[in-house]
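[1] Sequence below, structure please.
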Amino acid sequence: MAILKNHLEFSGGLGNLSAYRLPGMKQTIIRTKGGADKEKILKSPSFKLTRYNYTEFSACAKLGGSIRSSMLALAPLADYNYTPMLTSLAKAIQLLDTENPRGERNIFLSRHKHLLTGFSLNRNTAFESIVRHPLQYSIDRDHKEALIQFPELMPGVNLMLSKQYPLFRFIVNLGCVNDMRFIGKKYPVGNIVNKSVYTDWFHATQLFKAMDVSVQFNQKVKLSEQMTMILSLGIQMGVPVTDTVVNPVKYGGCAKIIDVA
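    Below you'll find the predicted structure:
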């Protein structure tokens, strides 16, 4: 390790050198790049465990990405990168597979889907801090449909909206993902299904009347026991551009997974 003292400043990689700064230090640290070469990692018997770990982690990352894709409409409401959290959750489920050897363990989300319930896309604002009233909802696998029953919501009482934005709407999303199973020498990604329904825009200062919102997959979609249906809900803020056009505010709102089936 060396400390850069002249006027040459850079960060990241440069040839065989890497530059970075440690917390609390003003100087730039320089070190040579290390580690085993790619060929050795892929073929050497001494890196067998590394290959197993890499294969399993790739499956966790694929499932985390699949769950994110299944509720893509709610991504603009997130206030942090939640995909690594989904990957970690997938890893926790993978470790529950005690039937298969390391490097081939499956991620049976369908058996442990309850672990997804309550997953939030936000750290700064919880959905319950805005909509302070229990919601009624259900998922019907036979009809590939989900229903949310919104109660009457009164601003300042059970609907605590930011005064910064004048409009809001709800986004209901129904997604579906497959278990991540080891087949052959890899973990193939199954079909990802999702359907979103947007309510009309409502004024943030006016009474929100009770309503039911349903979302349904195309009847051609075939569900198997290895597929998990994920119902998620978000509230999005908006700013009017004209009398008929509303600009959704990025990161203005929050969302969470409310039910699975």
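
[2] Could I get the full set of strands for the protein?
    2-4, 12-14, 17-20, 28-32, 136-140, 145-150, 167-178, 193-198, 202-203, 211-216, 227-240, 246-260 (DSSP state E).

[3] could I get those strands as CSV with mean neighbour count, mean pLDDT and distance to residue 67?
    From N, CA and C alone the C-beta is placed, and that goes for glycine too. Below are the strands of the chain laid out as CSV (neighbours: other CB atoms under 10 Å; pLDDT from 0 to 100; distance: least, CB to CB, whole Å):
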stretch, mean neighbour count, mean pLDDT, distance to residue 67
strand 2-4, 12, 49, 42
strand 12-14, 10, 55, 31
strand 17-20, 14, 67, 32
strand 28-32, 14, 67, 37
strand 136-140, 14, 98, 16
strand 145-150, 20, 98, 16
strand 167-178, 23, 98, 6
strand 193-198, 18, 97, 10
strand 202-203, 16, 97, 29
strand 211-216, 15, 98, 17
strand 227-240, 22, 98, 7
strand 246-260, 20, 95, 9
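
[4] closest to residue 120 out of those?
    Minimum separation from residue 120 across the strands of the chain (CB to CB) falls at strand 246-260, 4.5 Å.

[5] about what we covered before: which of the strands of the chain sits closest to residue 89?
    strand 246-260 (10.7 Å).

[6] surely residue 201 meets residue 169?
    Yes - look at residue 201 against residue 169 with CB atoms under 8 Å: they come within range, at 5.0 Å.

[7] Quick check: neighbours shared by the two?
    Taking CB atoms under 8 Å, 6 or more residues apart in numbering as the criterion, residue 201 and residue 169 both touch residue 238.

[8] distance of the spatially most central residue of the chain from residue 232?
    Nearest to the mean C-alpha position of the chain, by CA atoms, centre = their mean, lies residue 68 at 4.0 Å. Counting by CB to CB, to the nearest Å, the gap between residue 68 and residue 232 amounts to 11 Å.

[9] Identify the residues contacting residue 58.
    Here residue 58 is in contact with residue 187 (criterion: CB under 8 Å, 6+ apart).

[10] How about the one 5 residues further on?
    Residues touching residue 63, when contacts are defined by CB under 8 Å, 6+ apart, comprise 86-87, 90, 107, 109, 177, 180.

[11] Then residue 97?
    Contacts of residue 97 (CB under 8 Å, 6+ apart): 105-108.

[12] Tell me the pLDDT of it.
    Predicted confidence (pLDDT) for residue 97: 96.

[13] pLDDT of the longest helix belonging to the chain, averaged?
    Scanning the chain for the longest helix, with DSSP state H as the assignment, gives helix 48-70. Average pLDDT, helix 48-70: 90.

[14] how far off strand 227-240 does that helix point, in degrees?
    Counting by axes from the mean of the first three to the mean of the last three CA atoms, to 10 degrees, helix 48-70 lies at 50 degrees to strand 227-240.
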